[in-house]
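Asks: sequence-free structure coming up:
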């Protein structure tokens, strides 16, 4: 196996010390094994991402001496290395999921979502989407889309136990019923974090996903997306945080 790691910051501010530490783990792991270290900018949060923040982060990493083998400045065979420039690629996978009925349009308004969240809070239970649009006939969904109704795309989540085999944390189990059908494409057409990283890691041939343990809770969602798309899993390593 060719070892390929990645550091994928969101350009919403300065590079913080925790991010620098994660980048260092990825850089050293790849270099120690004769592999490649990839830098990817995850800028799908259009409200908070700025070119100024991206430049500060890239310059900070270079100041620290961690020069990527591939990245926004360096280029490479699996670019572009900004998620905002990869929307056509994500759409190809989304169309496939919709065609196979593994995902569906959700027309929930902000008010409906807030009501679900408030109800869950009052009951003291996890806020899980109730699936109100999961059974909407495809023809009805297409009519609403044609009429200009705003919608997101949700992944159909089967009830199952998800096991994360982690190089640091060991075997960690999750119940998908506590996750529910979750959004993979937002109403603005941009992919969510969990969706984009799965596609990017596969397309960029990332072998090891090394990140802070705070991301461990995202991993079952990413495994569900891997399964739906029929993609192999990378090796996960969730390291301690500062």
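Replies: Received, thanks. A quick note: this is a predicted structure, and the numbers were derived from the prediction, not measured.

Asks: which parts of the worst-scoring helix or strand of the chain on mean pLDDT are buried?
Replies: Counting by mean pLDDT, DSSP states H and E, the weakest-scoring helix or strand in the chain turns out to be helix 110-123, with a mean of 88. Buried residues in helix 110-123, defined by neighbour count with 16 or more other CB atoms under 10 Å: residue 116. The way it works is simple: take the backbone N, C-alpha and C, and place the C-beta from them, glycine included.

Asks: ok, residue 175 to residue 162 distance?
Replies: 8 Å (CB to CB, to the nearest Å).

Asks: of these two, who's got more company?
Replies: residue 162 (18 against 11; other CB atoms under 10 Å).

Asks: for the protein, what's the longest helix?
Replies: helix 17-32 (DSSP state H).

Asks: for that one, packing partners?
Replies: strand 4-7, strand 36-39, helix 51-63, strand 208-212 (3 or more CB pairs under 8 Å, 6 or more residues apart in numbering; DSSP states H and E).

Asks: Out of those, which is closest to residue 77?
Replies: strand 36-39 (10.2 Å; CB to CB).

Asks: excluding its backbone neighbours, what's nearest residue 194?
Replies: Leaving aside its chain neighbours, residue 194 sits nearest to residue 221 (4.6 Å; criterion: CB to CB, 6 or more residues apart in numbering).

Asks: Confirm that the one you found sits in a strand.
Replies: No. Checked against DSSP: H, G, I helix; E, B strand; the rest coil, residue 221 lies outside a strand; its state is helix.

Asks: what's the neighbour count on it?
Replies: Residue 221 - counted by other CB under 10 Å - has 22 other residues nearby.

Asks: Distance check, it against residue 42.
Replies: With distances taken as CB to CB, residue 221 is found 15 Å from residue 42.

Asks: Same check on residue 55?
Replies: Distance, residue 55 to residue 42, using CB to CB: 15 Å.

Asks: cool, and residue 202?
Replies: From residue 202 across to residue 42, the span is 15 Å (CB to CB).

Asks: can you check residue 110 too?
Replies: According to CB to CB, residue 110 and residue 42 sit 24 Å apart.

Asks: Grab the most central residue of the chain for me.
Replies: By CA atoms, centre = their mean, the chain has its centre lying nearest to residue 194, at 2.1 Å.

Asks: Enumerate the positions of whichever strand or helix holds it that are buried.
Replies: Using DSSP states H and E, residue 194 sits within helix 193-203. Using 16+ other CB under 10 Å as the test for burial, helix 193-203 gives 193-202.

Asks: By pLDDT, give me the weakest of those residues.
Replies: Among the buried residues of helix 193-203, residue 193 carries the weakest pLDDT, at 93.

Asks: so where's the protein shaky on pLDDT?
Replies: Within the chain, no stretch has pLDDT under 70.

Asks: try 80 this time
Replies: Along the chain, segments meeting pLDDT under 80 span 1, 46.

Asks: contact partners of the helix or strand residue 172 falls within?
Replies: Using DSSP H and E, the element containing residue 172 is strand 170-175. Strand 170-175 has contacts (CB atoms under 8 Å, 6 or more residues apart in numbering) with 161-166, 216, 219-220.
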